[in-house]
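A.B. asks: can you look at this prediction? I've put the sequence above it.
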Amino acid sequence: MADKIKNGTILIEEGALLPESLRFESEPYSKGWRLVKDLEGSGLDRRIREAGWTFFFMAGEVNVTVVGSDSESTIRRAVKRVIARVKSGRFNCLEIAQVAVKRFLGLPYVTVSAHPRHIQESMFLFHAKRPAEWYRAKLAA
C-alpha cells in the first residue's frame, strides 16, 4: 500500500460530480475517498480540460506528520488526516505533493504534504450552475 501513495497521487471524493466523458480507474482508499490509478495530477488535469471542465489547484499546502513504526499504516493515517483537513474546505480532490519517511532520535515518522484540488464544470471556484444538484451530490456522499 505504501507504494500506492507517492508524489502526484490523486484522491477524489466519492460522489463528486465529474464530466460524463471522463473515465479512469480508481479504487477505494479511505472512507468516502478513491485513489486514482495510473493518472497523476497533470494527466487528470488534461483529461478534465478536454471535457470542458476545470481542475482547480490550491496554492496552500496541507502538511501532516504522524509518528509510527510501520510506514504503510503510518502513511495511511497521515493521508486520512490530510483528507479530514481538505474536506473542511469543500474541496472534492487532493494531490499528494510529498511523502517523506524519516527518523528523529531513532523514532520513525511520516510527513505527507498535499494540495487541495477541486473538479467542477464552472471556471469560477464553487460557482455551480445547478447549486441544487451540487448539494444533492454532497448529501448523497
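C.D. replies: Great, that's in hand. Treat the numbers as computed from the prediction; the structure is a model and nothing was measured. Numbering: from 1, shown residues only.
A.B. asks: quick one: the helices in this protein?
C.D. replies: 41-50, 71-87, 131-140 (DSSP state H).
A.B. asks: the spatially most central residue of the chain and Phe104, how far apart?
C.D. replies: Central residue of the chain (CA atoms, centre = their mean): Leu94, 2.3 Å from the mean position. Leu94 sits 26 Å away from Phe104, going by CB to CB, to the nearest Å. Using the backbone N, CA and C atoms, a C-beta is placed for each residue, glycine as well.
A.B. asks: spatially nearest residue to Val66, not counting backbone neighbours?
C.D. replies: Ala78 (4.3 Å; CB to CB, 6 or more residues apart in numbering).
A.B. asks: now for that neighbour: which residues touch it?
C.D. replies: Contacts for Ala78 were tallied using CB atoms under 8 Å, 6 or more residues apart in numbering; they are Val64, Thr65, Val66, Val110, Thr111, Val112.
A.B. asks: looking at it, the last one is touching Asn63, isn't it?
C.D. replies: Yes: under the criterion of CB atoms under 8 Å, Val112 is in contact with Asn63, at a separation of 7.4 Å.
A.B. asks: who's more crowded, the two?
C.D. replies: The neighbour count for Val112 versus Asn63, taken as other CB atoms under 10 Å, is higher for Val112 (25 against 14).
A.B. asks: gap between the biggest strand by length in the chain and the chain center?
C.D. replies: Counting by DSSP state E, the longest strand found in the chain is strand 107-120. Offset of strand 107-120 from its chain centre (CA atoms, centre = their mean, to the nearest Å): 8 Å.
A.B. asks: look up how far Val99 lies from the residue located most distally from the centre of the chain.
C.D. replies: Distance from the C-alpha centroid of the chain, by CA atoms, centre = their mean, peaks at Leu105 (31.5 Å). For Leu105, the distance to Val99 equals 21 Å [CB to CB].
A.B. asks: same check on Ile75?
C.D. replies: Ile75 is 6 Å from Val99, by CB to CB.
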